[in-house]
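*Asks:* here is the input, now give the coordinates:
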Amino acid sequence: MGSEGPTPAVTIHVTGFKKFHGVAENPTETIVKNLQEYMNKRGLPKGLILGSCTVLETAGHGALVPLYQTLQSAVSNGLDSGKVIWVHFGVNSGATRFAIEHQAVNEATFRCPDEMGWKPQKVPIVPADGGITRIRETTLPVEEITKSLAKMGYEVMRSDDAGRFVCNYVYYHSLRFAEQKGIIAVFVHVPLFLTIDEETQMEFAASLLEVLASFC
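*Replies:* The predicted model follows:
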């Protein structure tokens, strides 16, 4: 009788953002910078690998090159070890709970200039994809993931609107890249630390990774 061998690992890469207009301290920068150490102390579940933690400029068009270099790094390192998931964290300063974003829209309409001074209005993010109504969706079961995290005691919801600012811009590019490369992407909005404290947000991020791995 032969053996099926070990279960392929799930490698999760995460990104966050630096400060931007109106948000002097972005909680996602703190989360992403501290996540590796936090997960090491907590203990990574079997089969889960935290591949990389990257903080991006809060910018759209001007930050595309480093974004794609970051995304490509996961593919360049090979996918033979199992599934690859990109988790992008962004802040919603008006939110009172976490939000798992189900989709992104092919529209850039920035309410204020990004950190490189760009302020597009009703511009397609990827013109080759067509108009600004084009939608791309994550392949992850957002509803089930949200329910799992809610059962763990987190204030969390499913969202179908990631806005039209840099978060949606990055998510749309990531979903498109994921489809092309056979990997997975998801975006998660978090509140400010004033609304949900840093320790709870770190616990949420760790729990999210564990839940994502269990669905792959």
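*Asks:* what is the residue nearest the centre of the chain paired to in the beta sheet?
*Replies:* Residue closest to the average C-alpha location in the chain (CA atoms, centre = their mean): residue 88, at 1.6 Å. Bridge pairing for residue 88 (DSSP bridges) gives the partners residue 15, residue 187.
*Asks:* what of residue 9?
*Replies:* Bridge pairing for residue 9 (DSSP bridges) gives the partners residue 82.
*Asks:* quick one: residues contacting it.
*Replies:* Contacts for residue 9 (CB atoms under 8 Å, 6 or more residues apart in numbering) come out as 47-49, 81-83. All C-beta spots, glycine's among them, are computed from the backbone N, C-alpha and C.
*Asks:* would you point out the most distant pair within those residues?
*Replies:* 48 and 81 (11.7 Å; CB to CB).
*Asks:* these two: who's more crowded?
*Replies:* residue 48 (19 against 13; other CB atoms under 10 Å).
*Asks:* how about that one: what's its closest non-neighbour residue?
*Replies:* In this structure, residue 48 finds its nearest non-sequential neighbour in residue 213, 4.3 Å apart by CB to CB, 6 or more residues apart in numbering.
*Asks:* for the chain, what helix or strand is lowest in average pLDDT?
*Replies:* Least confident helix or strand of the chain, by mean pLDDT, DSSP states H and E, is helix 64-76 with a mean of 86.
*Asks:* ok now that one, how far from the chain's centre?
*Replies:* Helix 64-76 sits 14 Å away from the centroid of its parent chain (CA atoms, centre = their mean, to the nearest Å).
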